[in-house]
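Trainee: Next input, structure requested:
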Amino acid sequence: MKDLLGKSPKILVIGDLIIDHYLWGSSDRVSPEAPIPIINIIKERSLLGGAGNVLNNLVNFGARVDIISVIGDCKNSSLLESLLFDINIDTKYLITEPGRLSSHKTRVIAANQQVIRFDQESLKNISLSSQDKILTSFKEIVNSFDCILLSDYGKGLLTNTLTQDLIKIANKNSIKVLVDPKGLNYEKYKGAFLLTPNKKEASEASKIEIEVEDKSTILKAISKIHSIYELDVSLITLSEGGVAIYDDELRIYPTKAQEVFDVTGAGDTILASLGFALSCNLNIDEAVQFANLAAGIVVGKVGNSTATLNEIIDYESNLKNQSSDKCLKTLKEIKKIVAELKTEGKKIIFTNGCFDLIHTGHISYLESSKRFGDILIIGLNSDRSVKSLKGTNRPINSQIDRAKILTALKVVDYVVIFDEDTPLNLITAIYPDILVKGGDYEGKEVIGQEIAGELKIVEFINNKSTSKIINKINRNAIDNKT
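Mentor: Got it, this is the predicted structure:
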């Protein structure tokens, strides 16, 4: 995938623009007015959704992107234009339709769980006048692009007639059209290069119940869709079953997701990554593998998320070299990771220590620390640093051995080794929301506490420490000699 770095194909997206509005909060009580939780909103953010999320993915890959869509003359539409401007997308092909309400979806999230969603939008088909304007613009610019992506969210933009006209014009000009479909009427997508339905959508469209464990059902459904709708390639995303593709034969590529937190926007990522890869002249099998990697990253994040090319390259490397080392990061790497995590609303926890001879006290301490937020980062004293603090006989285990043990713990997200006597530089780079220290720091000044959002003290388990373990080993050695 490294060959894709620096590539910037020109891609046109046509589809329904949506505002994804997120409210993050916490809840610890029930309303006295009704049996519903009271959410204390801590953070709010509006993001591009629908076709806008496809744009976001493409921009992160490095593509040059334009959008054709229809918006209203409402407050939501103004916000959409502002969000597009923020990612340097030109709005010159946006058509304003008076009286139309652009889609706005608000999700309330507490404890990383979506509590409720409420929508504002118009669902009627766009006017004939708007359709004519889209076709006029499309005919003028179609040859400027390497690929056309249709992102159909069923909000009335991609009508039957308009969709067929767009596909026919693109085919006449030998430009591939990739479609993320919606609904049961796939007739309007006839003649596209490929569609990207998920298992449920493909089952409904083909009227064949797909069983991931039964390849014959996948073959029947995918070949039927391929034939009926005259596609160059038929594709079905199978969730944990991977991605199936069919042209003259069936191939299934296993899923690349290691841990799934949120599938929101995964379809957008599949469409965008396929379009980007094909526009960079990858063949369909290579493009599907690239899309599988990209989707594997975004489902491991919360909300509409994207993946960068560097993330995909790193992710592919980690998959090839499965090891707990993937959680061991340099200072430069962790700064980038934390910046991305914070944009997703994740609460960062930081603690540090030597962690020589891991014992139950360490485990309890780390488990308690993780409960304060979402991502636990450990600053690990280097061997030189430990010797400076503990004496020339320490550490017992090398910094690499200690790091490997820590990264193997489920509760630990990332480990960064630091060589200084204090973690101040590391804390300054991370700016954690929560800084955690042991009970022996109660009432004392803690290095970095003025930088972190909040200091938390966790009591140690009595009589559990590395020093006590070492002393016991030494006593036993002496007893055995005598």
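
Trainee: residues contacting Leu434?
Mentor: That one is not Leu; residue 434 is Ile. The neighbourhood of Ile434, defined by CB atoms under 8 Å, 6 or more residues apart in numbering, consists of 347-350, 369, 372-373, 452-456. C-betas here are computed from N, CA, C, even on glycine.

Trainee: what do you get for Lys220?
Mentor: So Lys220 contacts 206, 208 (CB under 8 Å, 6+ apart).

Trainee: did I read that right, it in a helix?
Mentor: Yes: remark: Lys220 belongs to a helix, assigned using DSSP: H, G, I helix; E, B strand; the rest coil.

Trainee: Keep only those of the contacts of Ile434 that are in helices.
Mentor: Ser369 (DSSP state H).

Trainee: With pLDDT, distance to Glu121 and neighbour count added, can I get the contacts of Ile434 in CSV?
Mentor: As requested, the contacts of Ile434 are exported to CSV (pLDDT from 0 to 100; distance: CB to CB, whole Å; neighbours: other CB atoms under 10 Å):
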residue, pLDDT, distance to Glu121, neighbour count
Lys347, 93, 31, 19
Ile348, 95, 34, 25
Ile349, 96, 38, 26
Phe350, 96, 41, 27
Ser369, 93, 42, 24
Phe372, 93, 38, 19
Gly373, 91, 34, 19
Ala452, 92, 41, 21
Gly453, 89, 36, 13
Glu454, 92, 39, 14
Leu455, 93, 44, 14
Lys456, 93, 42, 16
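
Trainee: Tell me how many other residues crowd the residue nearest to Asn53 when sequence neighbours are not counted.
Mentor: Counting by CB to CB, 6 or more residues apart in numbering, Asn53 lies nearest to Asp268, which is 4.1 Å off, once chain neighbours are set aside. Around Asp268 there are 32 other residues, counting by other CB atoms under 10 Å.

Trainee: same deal with Cys74?
Mentor: Residues contacting Cys74 under the criterion other CB under 10 Å number 18.

Trainee: circling back to that earlier point, hmm, the residue nearest to Asn53 is touching Ser151, no?
Mentor: Yes: taking contacts as CB atoms under 8 Å, Asp268 lies within contact range of Ser151: 6.9 Å.

Trainee: Which residues are in contact with each of these two?
Mentor: 50-51, 54, 180.

Trainee: which of those residues tops the neighbour count?
Mentor: Most surrounded of those: other CB under 10 Å gives Val54, at 32 neighbours.

Trainee: one step back: let's see which of the shared contacts of Asp268 and Ser151 end up in helices.
Mentor: Short answer: the shared contacts of Asp268 and Ser151 in helices (DSSP H) are 51, 54.

Trainee: any chance of the shared contacts of Asp268 and Ser151 in JSON lines, plus distance to Ser239 and pLDDT?
Mentor: Shown next, in JSON lines, are those (distance: CB to CB, whole Å; pLDDT from 0 to 100):
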{"residue": "Gly50", "distance to Ser239": "21", "pLDDT": "94"}
{"residue": "Ala51", "distance to Ser239": "22", "pLDDT": "96"}
{"residue": "Val54", "distance to Ser239": "20", "pLDDT": "96"}
{"residue": "Asp180", "distance to Ser239": "15", "pLDDT": "96"}
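
Trainee: Let me have the shared contacts of Asp268 and Ser151 in a markdown table, extended by distance to Cys354.
Mentor: Below are the shared contacts of Asp268 and Ser151 laid out as a markdown table (distance: CB to CB, whole Å):
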| residue | distance to Cys354 |
| --- | --- |
| Gly50 | 49 |
| Ala51 | 51 |
| Val54 | 47 |
| Asp180 | 50 |
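
Trainee: who's in contact with the residue nearest to Asn53?
Mentor: So Asp268 contacts 50-51, 53-54, 57, 151, 180, 304 (CB under 8 Å, 6+ apart).

Trainee: Let me see the domain layout of the protein.
Mentor: 2-320, 325-472 (automatic domain parsing).

Trainee: sorry, back to before: quick check: of the shared contacts of Asp268 and Ser151, which lies closest to Leu23?
Mentor: Gly50 (18.9 Å; CB to CB).

Trainee: Identify all residues paired with that closest one through a beta bridge.
Mentor: With DSSP bridges as the criterion, Gly50 is bridged to Leu17.

Trainee: distance of it from Glu121?
Mentor: Gly50 sits 10 Å away from Glu121, going by CB to CB, to the nearest Å.

Trainee: hey, what's in contact with both of the two?
Mentor: 18, 103, 155.

Trainee: For the second one, give the beta-bridge partners.
Mentor: Think Ser103. With DSSP bridges as the criterion, Ser103 is bridged to Ile18.

Trainee: Can you show me the helices along the stretch 351-482 of the chain?
Mentor: Listed in chain order, the helices of the stretch 351-482 of the chain (DSSP state H, counting those that start in this stretch) span 360-370, 383-390, 399-407, 424-430, 466-481.

Trainee: same question, the stretch 151-300 of the chain
Mentor: 160-172, 199-206, 215-228, 266-279, 284-298.

Trainee: Least confident of those, on average?
Mentor: Among those, helix 284-298 carries the lowest mean pLDDT, a mean of 87.

Trainee: Taking the centroid of the protein, which residue is nearest it?
Mentor: Val298 (2.4 Å; CA atoms, centre = their mean).
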